[in-house]
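K.L.:
Structure here, sequence nowhere to be found:
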């Protein structure tokens with residue numbers, strides 16, 4: 001009887017852990033398909049190469065791109081000259097934008113190739129985007145940064161910038177900031193952190 005109990009208790013523990021893991025984990029989907037229930041730790045991506053130009057080119061001052069939606073959220077991009085690049089997110093009554101001029105200080109910018117989204121409870125909460133900008137003394141001497149953004153009901157605002165040259169694993173650094181520093185952040189900061 002003791003041998004039976006010694007087997008049943010560890011087996012029951014393993015089954016309990018497996019069941020709990022399966023109930024709380026997300027089901028993987030094939031590449032290119034956005035799962036409706038996205039985990040907090042698995043980023044989703046919008047690749048700018050998949051966005052379509054929807055600009056009305058008759059005297060257009062802006063370039064407008066429409067990107068594949070992500071979890072039902074419409075993603076659009078506006079670009080004007082070398083200084084203005086804007087990511088727009090909308091769904092239902094939600095209609096918000098980025099303001100990268102707060103980090104670039106109105107210097108010329110170059111956009112990255114992908115937007116990294118982090119979802120919590122099926123809603124986008126954070127966005128990481130690679131953006132390069134110059135300095136006043138060298139406006140076209142571009143330096144790459146990862147901009148970590150908070151997504152609120154009012155706007156998409158920068159929380160921090162990660163200098164790609166100064167941080168060996170900048171991508172992971174940006175993701176770690178979300179988990180370790182900004183996970184409980186719910187409003188836009190007065191000061192943007194720089195790493």
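P.N.:
Received it, and whenever you're ready, just let me know what you need. All values derive from a computational prediction rather than experimental measurement.
K.L.:
Can you pull up the most central residue in the protein?
P.N.:
With distances taken as Cα atoms, centre = their mean, the residue of the chain nearest its centroid is residue 127 (2.2 Å).
K.L.:
Leaving out sequence neighbours, find the closest residue to it.
P.N.:
The spatially closest residue to residue 127, leaving aside those adjacent along the chain, is residue 149, at 4.4 Å (Cβ to Cβ, 6 or more residues apart in numbering). Where you see a C-beta, it was placed from the backbone N, CA and C, and this is true even at glycine.
K.L.:
was I right about residue 72 contacting residue 89?
P.N.:
No - here residue 72 lies out of contact with residue 89, judged by Cβ atoms under 8 Å, at a distance of 11.0 Å.
K.L.:
okay, those two: which has more neighbours?
P.N.:
Each of residue 72 and residue 89 had its neighbours counted (other Cβ atoms under 10 Å), and the higher figure belongs to residue 89 (23 against 10).
K.L.:
Rounded mean pLDDT for stretch 156-165, please.
P.N.:
Per-residue pLDDT values over stretch 156-165 give a mean of 97.
K.L.:
ok, now stretch 43-57?
P.N.:
Confidence for stretch 43-57, expressed as mean pLDDT, is 94.
K.L.:
in it, what's buried?
P.N.:
Judged by neighbour count using 16 or more other Cβ atoms under 10 Å, the buried positions of stretch 43-57 are 43-44, 46, 48, 51.
K.L.:
Now render the residues you listed as JSON lines, adding secondary structure and distance to residue 121.
P.N.:
Formatted as JSON lines, the buried residues of stretch 43-57 follow (DSSP: H, G, I helix; E, B strand; the rest coil; distance: Cβ to Cβ, whole Å):
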{"residue": "43", "secondary structure": "coil", "distance to residue 121": "15"}
{"residue": "44", "secondary structure": "strand", "distance to residue 121": "14"}
{"residue": "46", "secondary structure": "strand", "distance to residue 121": "20"}
{"residue": "48", "secondary structure": "helix", "distance to residue 121": "27"}
{"residue": "51", "secondary structure": "coil", "distance to residue 121": "26"}
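K.L.:
so which strand or helix has residue 42?
P.N.:
Here residue 42 is covered by no helix or strand, with elements defined by DSSP states H and E.
K.L.:
Okay, the closest residue to residue 134 other than its chain neighbours and residue 113: tell me how far apart.
P.N.:
If the residues on either side of it in the chain are set aside, residue 134 comes closest to residue 107, at 4.5 Å by Cβ to Cβ, 6+ apart. According to Cβ to Cβ, to the nearest Å, residue 107 stands 20 Å off from residue 113.
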